[in-house]
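Enquirer: Here you go, sequence then predicted model.
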Amino acid sequence: MNDSAAQTSEAPVKEKTLDKLPVSVITGFLGSGKTTLLRHLLTQDWMADTAVVINEFGEIGLDHELVEAASEDTILLSSGCLCCTVRGDLIDTLRRLYKQRDRGEIPPFRRLVIETTGLADPAPILHTLIGDPLLSAFYRLDGVVTTVDAVNAMAQMDRQPEPVKQAAVADRLLLTKTDLMDEITLQKLEQRLRDLNPAAPIYRIVQGQVDARHLFNAGLYDPETKSLDVQRWLREEAYNAPDHDDTHGGHDHHRTGDHHHAHDVNRHDDHIRAFCLTHDAPLDWDRFVAWIEMLTTTQGANLLRVKGILNVAGEDKPVAVHGVQHLFHPAVVLPAWPSEDRRSRLVFITRDLDRDVLGKSLADFQKSAVI
Ligand SMILES: Nc1nc2c(ncn2[C@@H]2O[C@H](COP(=O)(O)OP(=O)(O)OP(=O)(O)O)[C@@H](O)[C@H]2O)c(=O)[nH]1
């Protein structure tokens with residue numbers, strides 16, 4: 001049995017598991033402004049009780065006035081923020097941090113932020129969080145923040161698949177260096193990002209200046225208000241926006257090589273699909289799990305991001321699921337439906353996987369006789 005099967009085949013767990021430590025991942029192409037962003041974030045009072053994991057302190061050039069106390073690999077800032085460097089393996093660092101927090105050796109941080117310097121693909125980090133049994137017991141993925149360089153991103157996304165993928169999996173998109181570009185160019189880039197990832201809010205920033213509150217607590221559960229916000233998390237309405245390609249009732253949109261680069265038929269963007277699947281009848285849980293297992297086994301690499309709220313037969317409360325490629329978080333039973341709408345809704349960001357193929361296979365699995 002693979003990891004995904006181990007995580008999904010059990011019955012959904014109750015909502016108290018949402019109270020784990022939220023982890024946000026900051027990613028972005030080389031030189032896109034991650035360090036500049038962090039430097040600005042670390043000065044903000046709101047970041048108190050945050051542990052930030054980075055590759056090296058030196059990279060962010062911490063001002064000495066900011067530093068309250070320092071040990072070999074951890075620095076406490078006057079803002080209350082804790083900075084840690086990755087010593088060896090990221091898994092070891094995250095486990096060590098949790099233990100130190102537990103023993104009272106470091107302040108009891110309530111949120112963790114990981115900066116992914118030098119990594120083109122955030123997926124391995126997301127897998128580490130979801131797939132490692134110890135880490136997933138303490139931490140939960142809150143969201144992915146991606147910096148996009150307003151000066152270079154168009155060309156980078158044309159040339160390479162990584163920046164396209166980074167933008168596609170984001171929960172928040174930060175357009176950096178916006179002081180250097182004109183309005184028309186910024187709008188074109190924003191449109192391209194919206195086509196790739198319609199649900200992620202886009203913030204234009206200069207020199208890393210953005211309010212930390214916009215970036216974190218992007219998950220289903222908001223630790224500040226101790227409440228769930230399914231609509232804000234799922235943003236299914238973004239996938240039905242009228243300005244996108246419209247197939248099969250307006251839910252699937254991927255670009256067909258139109259407005260920006262009509263001559264380039266092999267754009268990386270054109271492999272990315274963003275859509276919402278809905279299912280009216282209550283879902284049979286075991287058949288749903290079998291479907292997800294089939295998908296993660298055969299198409300894991302192409303399931304960039306999946307989030308959903310499900311109406312499961314025999315369960316009067318909604319069940320939330322989310323996954324990254326071949327790994328899914330354990331499904332969670334939420335305390336209440338967010339609205340009158342009781343349909344199951346799943347939003348997907350995929351590579352080369354169409355909405356109707358997935359929709360049909362979901363329906364077929366639900367109808368199958370034996371699991
Ligand atoms: N004009 C301008 N320059 C910026 C802005 N944000 C970042 N820069 C500059 O862009 C360069 C790269 O920024 P970094 O913050 O180091 O980018 P990074 O993503 O951390 O880079 P790597 O760690 O190498 O991947 C630096 O010279 C920054 O000063 C901005 O908003 N405006």
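Expert: Ah, there it is. Numbering: from 1, shown residues only.
Enquirer: out of everything not next to it in sequence, what's closest to V306?
Expert: Take V306 and drop its neighbours on the chain: the residue closest to it by CB to CB, 6 or more residues apart in numbering is G323, 4.8 Å away. (C-beta placed from N, C-alpha, C; glycine too.)
Enquirer: Am I right that the one you found is in a strand?
Expert: Yes - counting by DSSP: H, G, I helix; E, B strand; the rest coil, G323 is part of a strand.
Enquirer: what sits against it?
Expert: G323 sits next to 4, 130, 292, 296, 303, 305-306, 329 when contact means CB atoms under 8 Å, 6 or more residues apart in numbering.
Enquirer: Apply 10 Å and report the result again.
Expert: 4, 7-8, 126, 130, 141, 292, 295-296, 300, 303-308, 329, 331 (CB atoms under 10 Å, 6 or more residues apart in numbering).
Enquirer: what number of residues lie near the residue in the stretch 51-200 of the chain that the ligand sits nearest to?
Expert: The ligand sits closest to K177 of the stretch 51-200 of the chain, with a gap of 4.0 Å, by CB to the nearest ligand atom. Residues within reach of K177, counting by other CB atoms under 10 Å, total 21.
Enquirer: Show me which of the contacts of G323 are buried.
Expert: 4, 7-8, 126, 130, 141, 292, 295-296, 303-308, 329, 331 (16 or more other CB atoms under 10 Å).
Enquirer: These in strands, which ones?
Expert: Among these, DSSP state E puts 141, 303-308 in strands.
Enquirer: Format those as JSON lines; extra columns: distance to the ligand.
Expert: Converted to JSON lines, these look like this (distance: CB to the nearest ligand atom, whole Å):
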{"residue": "L141", "distance to the ligand": "21"}
{"residue": "L303", "distance to the ligand": "26"}
{"residue": "L304", "distance to the ligand": "21"}
{"residue": "R305", "distance to the ligand": "22"}
{"residue": "V306", "distance to the ligand": "27"}
{"residue": "K307", "distance to the ligand": "26"}
{"residue": "G308", "distance to the ligand": "32"}
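Enquirer: in stretch 200-218, what counts as buried?
Expert: When burial is assessed from 16+ other CB under 10 Å, stretch 200-218 yields the following buried residues: 200, 202-206, 208, 210, 212, 215-218.
Enquirer: Stretch 114-131 now?
Expert: So, applying 16+ other CB under 10 Å, buried residues of stretch 114-131: 114-117, 119-120, 122-123, 125-126, 128-131.
Enquirer: just these: which has the poorest pLDDT?
Expert: On pLDDT alone, L119 ranks lowest of those, at 63.
Enquirer: roughly how far apart are the one residue in the stretch 251-371 of the chain that gets nearest to the ligand and N197?
Expert: Nearest residue of the stretch 251-371 of the chain to the ligand (CB to the nearest ligand atom) works out as H268 at 19.5 Å. H268 is 13 Å from N197, where distance means CB to CB, to the nearest Å.
Enquirer: So which of these two has more stuff around it?
Expert: When H268 and N197 are compared for neighbours, N197 comes out ahead with 24 against 19, by other CB under 10 Å.
Enquirer: list the contacts for V321?
Expert: Neighbour list for V321: 8, 12, 288-289, 292, 306-310, 328-332, 344, 346 [criterion: CB under 10 Å, 6+ apart].
Enquirer: give me phi/psi at the residue of the stretch 51-200 of the chain closest to the ligand?
Expert: When quoted as degrees, to the nearest 10, the phi and psi of K177 stand at phi 60, psi 30.
Enquirer: Let me have the ones in strands among the buried ones among the contacts of G323 in TSV, extended by pLDDT.
Expert: TSV is the format used below for those (pLDDT from 0 to 100):
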residue	pLDDT
L141	88
L303	92
L304	92
R305	91
V306	93
K307	93
G308	93
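Enquirer: quick one: which of these is nearest to D149?
Expert: L304 (20.5 Å; CB to CB).
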